[in-house]
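> Sequence and predicted model, in that order:
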Amino acid sequence: MNVLVTGSRGQLGTELRRLSPLHTAHQYVWADIDELDLTNAAAVADFVHRHHIDTIVNCAAFTNVDGAEQHEADALRVNADAVANLARTGRRIIHISTDYVFSGEDCLPYRESDQPNPHTAYGRTKLEGEKQLLAICPDAIILRTAWLYSPWGKNFVKTMLSASEQHSELRVVYDQIGSPTYAGDLAEAVFAVLDCPTWHAGIYHFTDEGVCSWFDFTIEILRQANLILGTNRYQAAVLPIRSEEYTYRTPRPHYSVLDKQKFKSTFHFSIPYWTDSLRQCLTAILQAQ
Ligand SMILES: NC(=O)c1ccc[n+]([C@@H]2O[C@H](COP(=O)([O-])OP(=O)(O)OC[C@H]3O[C@@H](n4cnc5c(N)ncnc54)[C@H](OP(=O)(O)O)[C@@H]3O)[C@@H](O)[C@H]2O)c1
């Protein structure tokens with residue numbers, strides 16, 4: 001099977017490429033915006049035809065939450081129109097979506113059957129992408145994830161490591177709860193879907209196991225980084241604050257926890273605990289320095 005991975009230089013795309021030598025059942029074609037702009041419908045149809053693509057893993061997205069608030073039409077083109085372009089190729093699709101489709105105002109892990117109610121432009125555009133995909137391609141697979149990090153690109157783990165070297169004090173919110181998710185674990189989940197002998201169409205939730213606040217996450221990032229290095233390089237004091245005390249350009253969800261039972265039982269997949277995966281990612285980041 002020929003598998004096209006879009007957004008291949010993003011966090012998830014890079015992890016899929018890194019881990020692909022361990023998954024040899026399929027051939028992979030990697031494309032980011034330089035090779036294929038997904039908002040160009042004709043280019044998408046031509047690329048898929050020319051490379052004899054059977055299945056598409058769509059990791060491309062407009063992921064800048066504040067940017068989407070200011071430029072919702074641009075975000076919609078990538079997060080919804082481009083997804084429709086992929087759907088119209090008639091190929092099987094694994095599409096990545098987000099916890100931001102939910103309001104984040106609840107207090108029980110979100111199930112796939114729960115009603116979406118996005119409170120941000122990013123969430124609205126991602127939900128529109130899901131809707132357009134399922135309308136054209138009802139047998140698509142959608143994986144919703146949250147709090148993604150990796151050694152690549154911009155993410156919370158890398159931001160906190162550098163912030164703790166630049167500031168003696170970090171003020172971090174403790175009233176937003178979620179599940180930090182290593183992009184390498186999400187990549188393994190995508191391979192599990194691709195390698196499964198049966199195509200189980202539908203929406204699934206996938207994050208790493210466990211929950212914490214951004215405050216807890218920060219404490220653990222700095223603690224583990226110092227342990228790995230055997231030094232006290234990351235010394236900043238971490239202070240817990242409430243969301244109201246932080247100036248967000250876009251309001252963030254208070255509760256982002258996703259119920260992963262459907263994914264685990266369908267694909268017989270054992271999900272790592274977030275602190276174990278954090279150690280793996282930090283080791284990769286710190287070894288590369
Ligand atoms: N990051 C998170 O915390 C998070 C949380 C929940 C869900 N997700 C979802 O998980 C998926 C993967 O996220 P990620 O963090 O790996 O994203 P990412 O690092 O931002 O990568 C997305 C990639 O898509 C590319 N892209 C943007 N517009 C494109 C276009 N028109 N045509 C082709 N490629 C285009 C981007 O290129 P440029 O960099 O040049 O724009 C980038 O390389 C996304 O669907 C995202 O919505 C992410």
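Thanks, I have the structure now.
> any idea whether the residue of the stretch 151-289 of the chain found nearest the ligand is helix, strand or coil?
Residue nearest to the ligand within the stretch 151-289 of the chain: residue 153 (4.5 Å; Cβ to the nearest ligand atom). All C-beta atoms are positioned from the backbone trio N, CA, C, and that covers glycine. Going by DSSP: H, G, I helix; E, B strand; the rest coil, the secondary structure assigned to residue 153 is coil.
> Unless I'm misreading it, it sits right up against residue 13, doesn't it?
No. Between residue 153 and residue 13 there is no contact under Cβ atoms under 8 Å: 9.7 Å.
> So between the two, which is more surrounded?
Higher neighbour count among residue 153 and residue 13: residue 13, with 25 against 16, using other Cβ atoms under 10 Å.
> Double-check that that one belongs to a helix.
Yes. According to three-state DSSP, residue 13 belongs to a helix.
> Quick one: residues in contact with stretch 223-242.
The contact list for stretch 223-242 (Cβ atoms under 8 Å, 6 or more residues apart in numbering) reads 161, 163-165, 167-175, 213, 215, 218-219, 221-222, 275, 278-279, 282-283, 286.
> Quick check: chain neighbours aside, which residue is closest to residue 95?
By the measure of Cβ to Cβ, 6 or more residues apart in numbering, the closest residue to residue 95 outside its immediate chain neighbours is residue 58, 4.6 Å from it.
> Thought residue 3 was touching that neighbour, still the case?
No. Applying Cβ under 8 Å as the test, residue 58 and residue 3 come out as separate, 11.2 Å apart.
> and the contacts of stretch 223-242, which are buried?
The neighbour count (16 or more other Cβ atoms under 10 Å) marks 161, 163-164, 170, 172-175, 213, 215, 218-219, 221-222, 275, 278-279, 282 as buried among these.
> ok now do the residue of the stretch 151-289 of the chain closest to the ligand, which residues does it touch?
Residues in contact with residue 153 (Cβ under 8 Å, 6+ apart) are 10-11, 14.
> Need phi/psi at it.
Torsion angles at residue 153 (phi, psi; degrees, to the nearest 10) stand at phi 70, psi -160.
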